[in-house]
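Student: Sequence and predicted model, in that order:
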Amino acid sequence: MTRLTRRFQRRALIRPNLPYYVWRFVGNGARTFRALTTSASFSDTPAVARELLDQGIVVGPSDRFLSDQGRVALASSARKMLDRSRGEDIQAILAGTSSPDDRKKDFLVNLFPSQGGTHSSSPLLKLALDRKLLEIVSLYLGVWPCLHSIAVWLNYATEDPPEASQLWHRDPEDLKVIKVFIYLADVDEQHGPFTYIPKTHPFGAQAVRADACRTKRVDDARMHRFFPPTQWRVCTGPANTMILADTVGFHRGGKPTSGTRLLITFTYTSATPFVARPLGVKGHPAWLSSAIQRYAIAPAVRSDHAPTHKSSPGSP
Ligand SMILES: O=C(O)CCC(=O)C(=O)O
């Protein structure tokens, strides 16, 4: 299965083809069946999913995408992460007097590293498994999703030229991927907003044009030749702005020129991703109330608490 579909890694499918049908109906048959046979529980999720299918991205206040329980989990997660970002150890990293042990990128600190697993009572896990959010992701992917990773990034300004995810790229995790970003503080141009080229996602109206831009990482000068800046969606916004995007579409971000950017990010894939899933959950989340949540977490709940994979949500 993976051999058949892997050649489409970091490429947006232009139309449904054999590997797509194998991915959806063979590799993810039960999840596809569930998605096709379950009706939406929230009246506004189909409209959000339609926008996502058309544009590859939706942006708005977090209330639009979360249930009441999700909003509570976001408030609690935001409080914890804002406190964490003010801790002495983090401030020392920002001041350049210390560096984190697990740093994968020189322009951010992950305040929620995956090593050791995520505790089942974490409000971030509750937020990531919010039923309304999962419903939107499912309506977009066409399969009941797997939660692939959770991270919290504090991006800061550096003197270096754009590197890694600060350059235009497509994500490699799966044939279709949804990444969610929730800003925990206001993000203006100088804070390195997430930036996306609408319709370059799988089956998007610009997927053919975007396919010509084959390089893995693309700088702004080269991207101008394919898509001028008037077509870039620059996602500035106040705290609690939430972005859902298929990051197989072209995107970049996270390069503040001053100040910092603090956000929560989740990745959702099918159950047959190309990139091993970093998520592990310690203990059993007894609060799960629906089948879509159980599917999203299976089989990440582990009794030994040991992470089994080496990949990192901090390294798109
Ligand atoms: O930091 C950002 O705004 C972009 C992150 C990114 O490119 C990714 O998660 O793939």
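Tutor: Done, it's in.

Student: helix or strand for Leu147, which one?
Tutor: Assigned by DSSP states H and E, Leu147 belongs to strand 146-156.

Student: Relative to the whole chain's centre, how far out is the helix or strand immediately after that strand in the chain?
Tutor: Where DSSP H and E defines the elements, the next helix or strand beyond strand 146-156 is strand 178-183. Remark: strand 178-183 is offset 5 Å from the chain centroid, using Cα atoms, centre = their mean, to the nearest Å.

Student: Strand 178-183 vs strand 146-156, what angle?
Tutor: 40 degrees (axes from the mean of the first three to the mean of the last three Cα atoms, to 10 degrees).

Student: in its sheet, what does strand 178-183 sit against?
Tutor: Sheet pairing for strand 178-183, assigned by DSSP bridges, gives strand 241-245 (antiparallel), strand 260-269 (antiparallel).

Student: The strand holding Leu147: partners in the sheet, and parallel or antiparallel?
Tutor: Partners of strand 146-156 in its sheet, by DSSP bridges: strand 108-110 (antiparallel), strand 260-269 (antiparallel).

Student: For that strand, what does the pLDDT average out to?
Tutor: Mean per-residue pLDDT for strand 146-156: 97.

Student: and the strands paired with strand 146-156, which one's lowest on average pLDDT?
Tutor: By mean pLDDT, the lowest-scoring of these turns out to be strand 108-110, with a mean of 94.

Student: near the ligand, anything from that one?
Tutor: No. Contact of strand 108-110 with the ligand (Cβ under 6 Å from any ligand atom) is absent, the minimum separation being 7.6 Å. For every residue, glycine as well, the C-beta is placed using N, CA and C.

Student: Tell me the gap between that strand and the middle of its chain.
Tutor: Using Cα atoms, centre = their mean, the offset of strand 108-110 from its chain centre is 15 Å.

Student: again, but for stretch 290-302
Tutor: Using Cα atoms, centre = their mean, the offset of stretch 290-302 from its chain centre is 18 Å.

Student: do the same with stretch 47-58
Tutor: For stretch 47-58, the distance to the chain centre is 15 Å (Cα atoms, centre = their mean).
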